[in-house]
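[1] Give me a 3D structure for the following:
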Amino acid sequence: MHRYGIGADDFDRMVVEQGGVCAICGRPDPEHVDHSHETGVVRGILCFNCNGGLGQLRDEIDSLRSAVEYLEARDGSGDELCQLALTRAKGLRTAHV
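    Now for the predicted structure:
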């Protein structure tokens, strides 16, 4: 198995490094290799929903920020979700440095 330049061993190692969960939402048993469509670099392993969400927003950071702002303004829980995502992202960056 080779997806986006990584084999099964690389995939399994990345999932273990992520604690066995999606790098974004923390759901167990992620199955989708997330990669930059611009550079081809593999960023992490995601669940179906998170991988699809990034794809639907075309990996555009401004669109993602707008989505967070939208949720914050209309839901009230967006800030908590944003902080959780930022905390997880910082942890993943630290683990890969």
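
[2] Only the buried residues of stretch 42-62, if you could.
    Of the residues in stretch 42-62, those with enough neighbours to count as buried (16 or more other Cβ atoms under 10 Å) are Val42, Arg43, Gly44, Ile45, Leu46, Cys47, Cys50, Asn51, Leu54. All C-beta spots, glycine's among them, are computed from the backbone N, C-alpha and C.

[3] Select, from those residues, the two members most distant in space.
    In the buried residues of stretch 42-62, two members sit farther apart than any others by Cβ to Cβ. They are Val42 and Cys47, at 15.7 Å.

[4] Helix or strand: which one has Met14?
    If you go by DSSP states H and E, Met14 is part of helix 8-17.

[5] C-alpha coordinates for that helix, CSV please?
    Output in CSV follows, covering the C-alpha atoms of helix 8-17 (Å, rounded to 0.1, in the frame of the first residue of the first chain):
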residue,chain,number,x,y,z
ALA,A,8,1.7,1.0,5.4
ASP,A,9,4.5,1.3,8.0
ASP,A,10,4.6,5.1,7.7
PHE,A,11,0.9,5.3,7.9
ASP,A,12,0.8,3.1,11.1
ARG,A,13,3.6,5.1,12.7
MET,A,14,1.8,8.4,12.0
VAL,A,15,-1.4,7.1,13.6
VAL,A,16,0.5,5.9,16.6
GLU,A,17,2.3,9.4,16.9
